[in-house]
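1. Okay, here's the prediction I keep looking at, along with the sequence it came from:
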Amino acid sequence: MRNVIKHLIVLIITVAFSVTIIFYSRKMAHPYIVQYETGIVNSTLSHVFPGYIIDKDNILLNDGGKFIYRTGITNSDGIDKKGFFFLSVIPGYYCTMILFAGIDENNNIIGIDLKQQPGALSIYSENPENITNESFSGIIKGRSLVFEKNSDPDIFIQFKYIDFNRGIKLLNTGSGNQISADTSMNRNIIYAATDCILLADTAVKCVKKDLDMMKKIVTIPEQNTGEVR
Amino acid sequence: MSYFTEFKKGIWRENPVLVLNLGLCPVLAVTTSVYNAFWMTAAALFVLVSSNIFVSIIRKLVPWHVRIPVFMSVIVTFVTVAELTLNAFQPDIYNALGIYLPILAVNCIILGRVEDFASKNGVIASGLDGLGTGIGFGLILVVLSSLREILGANTFLGYTIIEGYKPASVMIMAPGAFFILGLMFWGLNAISSERKA
């Protein structure tokens, strides 16, 4: 019995030592880690959505699921313009990709940026997994995500404030994008999603280059006032 | 046995990778570039020396039956400190090393030296043993990563070696690591055999 108590005391002291050291190490490292991660988030946001001042995450419940977005403001010609930024999960040829996307008040898509290509789902998958991450920051910082199967395609949920029947004009496909040949096509939002499917080719290459940034800017020719609920 | 002998045995005679065949997982995984190898070496060296010294200090206080959990706690503590430090000050390297940094906690080399040496010897000898073993581990990492980076990417520390040379990318991949490590095993055995003869 005495031995057991002695063992227990030694173990408790060891754990207390470990916890103390780790606590103080974390305390010292934390500001630097936060600074670095904030820098990553800000540089991603400013790279994809130049000129916008973007606030923190907003979460709204949407048909039992979460829809996380950020709003931002830019000042153009003395007029404040609002933008909405969100994650879009897109089925690709090889897997589901996560895109970081944004629209302005007139439903112009400001930018789309590939953030992650988490893993193979199925070839020619039509139904992407539903993302259940807690924040943009998690994606931008490259943290792993949890997915739910058998969910509705996020593209329809996240783009619901865009008129699906309205055509989308492809203005700028960015470098390395192989879908630019089809710009004359009058696309609706389904084709926009198909664009993203086609982007899988580019995405695979991007992933091979350590997820280099891929940029694509598309614009809806006419304004269509849609609001995020 | 002199302190110098304790120090140098881990570098050659008891090299953890080429002689004891321990810790091969990070050796194969992170040696795609010299930078990765250097920082993995630094982290392993820190954990080895710190754990050895600390365990040596408390060795007489730790009952035999609970030594492994105690040693593991000590190792995990120092691995966490190394991980947090890299995350704070070398975030790119931290991301590049990925899972191979935290799994230093279960690296056979570290637990092996702590259990086999530090728990039975004095502080200075244990520290030098950790230092020698860490340097021996790091040397293999750096040599292997240098060869892989030069042959597989035609670069060294990011600088191009030969303009226009098309690198053998298989060397950056897992088979290349096995191939070069196999040659290193062969080289060490050949030298050791020759010395014995």
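-> Ah, there it is.
2. From here on, just use CA atoms for contacts and neighbour counts.
-> Noted.
3. what residues does chain B put near chain A?
-> Neighbours of chain A within chain B, by CA under 8 Å from any CA of the partner chain: B:61-63, B:65-66, B:69-70, B:73-74, B:77, B:80-81, B:84-85, B:87-89, B:91.
4. Can you turn the buried part of the residues you listed into a ChimeraX selection?
-> ChimeraX command restricting the residues of chain B next to chain A to the buried ones, with burial defined by 16 or more other CA atoms under 10 Å in any protein chain shown:
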select /B:62,70,73,74,77,80,81,84,85,87,88,91
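5. Show me the residues of chain B next to chain A that map onto helices.
-> Judged by DSSP state H, these include B:69-70, B:73-74, B:77, B:80-81, B:84-85, B:87-89, B:91 as members of helices.
6. right, and residue B:31 touches residue B:148 too?
-> Yes - contact status for residue B:31 versus residue B:148: in contact at 7.2 Å, counting by CA atoms under 8 Å.
7. So, low pLDDT: which residues of chain B?
-> B:1 (pLDDT under 70).
8. if I look at the nearest residue to residue B:45 once chain neighbours are set aside, how far off is chain A?
-> Nearest residue to residue B:45 in three dimensions, chain neighbours excluded: residue B:134, at 4.6 Å (CA to CA, 6 or more residues apart in numbering or on different chains). Between residue B:134 and chain A the distance is 22 Å, computed by CA to the nearest CA, to the nearest Å.
9. How about residue B:184?
-> As judged by CA to the nearest CA, residue B:184 and chain A stand 30 Å apart.
10. Could you check which helix or strand contains that residue?
-> Using DSSP states H and E, the secondary-structure element containing residue B:184 is helix B:174-196.
11. low pLDDT regions in chain A?
-> Ranges of chain A meeting pLDDT under 70: A:41, A:43-44, A:47-48, A:56-69, A:86-103, A:106-229.
12. quick one: contacts for the residue of chain B at minimum distance from chain A?
-> Proximity of chain B to chain A (CA to the nearest CA) peaks at residue B:88, 4.7 Å away. Applying CA atoms under 8 Å, 6 or more residues apart in numbering or on different chains to residue B:88 gives the contacts A:29-30, A:32-33, A:36.
13. thinking again about what came up before, next, report how far the helix or strand where the residue nearest to residue B:45 lies is displaced from the centre of its chain.
-> Assigned by DSSP H and E, residue B:134 belongs to helix B:123-153. Here the centre of mass of C-alpha atoms in helix B:123-153, compared against the chain's by CA atoms, centre = their mean, to the nearest Å, lies 5 Å away.
14. Mind giving me the packing neighbours of that helix?
-> Packing contacts for helix B:123-153, counted by 3 or more CA pairs under 8 Å, 6 or more residues apart in numbering or on different chains; DSSP states H and E, involve helix B:3-9, helix B:34-58, strand B:155-156, helix B:174-196.
15. My read is that residue B:167 contacts residue B:153, right?
-> Yes - between residue B:167 and residue B:153 there is a contact at 5.3 Å, judged by CA under 8 Å.
16. more neighbours, those two?
-> Counted by other CA atoms under 10 Å in any protein chain shown, residue B:167 and residue B:153 do not tie: residue B:153 has more neighbours, with 23 against 17.
17. The more buried one and residue B:144: what is the separation?
-> For residue B:153, the distance to residue B:144 (CA to CA, to the nearest Å) stands at 13 Å.
18. Kindly report the same for residue B:136.
-> From residue B:136 to residue B:144 the distance is 12 Å (CA to CA).
19. Does at least one residue of the strand or helix carrying residue A:29 sit close to chain B?
-> Following DSSP H and E, one finds residue A:29 within helix A:2-48. Yes - contact of helix A:2-48 with chain B (CA under 8 Å from any CA) involves A:7, A:10-11, A:14-15, A:18-19, A:21-22, A:25-26, A:29-30, A:32-33, A:36.
20. Grab the most central residue of chain B for me.
-> residue B:137 (3.5 Å; CA atoms, centre = their mean).
21. who's in contact with that residue?
-> Counting by CA under 8 Å, 6+ apart, residue B:137 makes contact with B:11, B:15-17, B:41.
22. mind checking the SS state of the residue of chain B positioned farthest from its centre?
-> Of all residues in chain B, residue B:164 has its C-alpha farthest from the mean position, at 33.7 Å, by CA atoms, centre = their mean. When classified by DSSP: H, G, I helix; E, B strand; the rest coil, residue B:164 comes out as coil.
23. which phi and psi does it have?
-> When read as degrees, to the nearest 10, the backbone of residue B:164 gives phi 90, psi -10.
24. Apart from its neighbours in sequence, what residue is nearest residue A:52?
-> residue A:74 (4.6 Å).
25. Need the contact partners of stretch B:14-21.
-> B:9-10, B:13, B:22-24, B:109, B:133, B:136-137, B:140, B:184-185, B:188.
26. re the thing from before, so the residue nearest to residue B:45 sits right up against residue B:41, yeah?
-> Yes - Residue B:134 lies in contact with residue B:41 (CA under 8 Å); the separation is 7.0 Å.
27. Those two - which one has more neighbours?
-> When residue B:134 and residue B:41 are compared for neighbours, residue B:134 comes out ahead with 27 against 22, by other CA under 10 Å.
28. How about the contacts made by that one?
-> B:10, B:41, B:44-45, B:48-49.
29. ok, now residue B:6?
-> By CA under 8 Å, 6+ apart, residue B:6 lies in contact with B:125, B:128-129, B:132.
30. Against residue A:80, how distant is it?
-> Using CA to CA, residue B:6 is found at 70 Å from residue A:80.
31. again, but for residue B:115
-> Distance from residue B:115 to residue A:80, by CA to CA: 66 Å.
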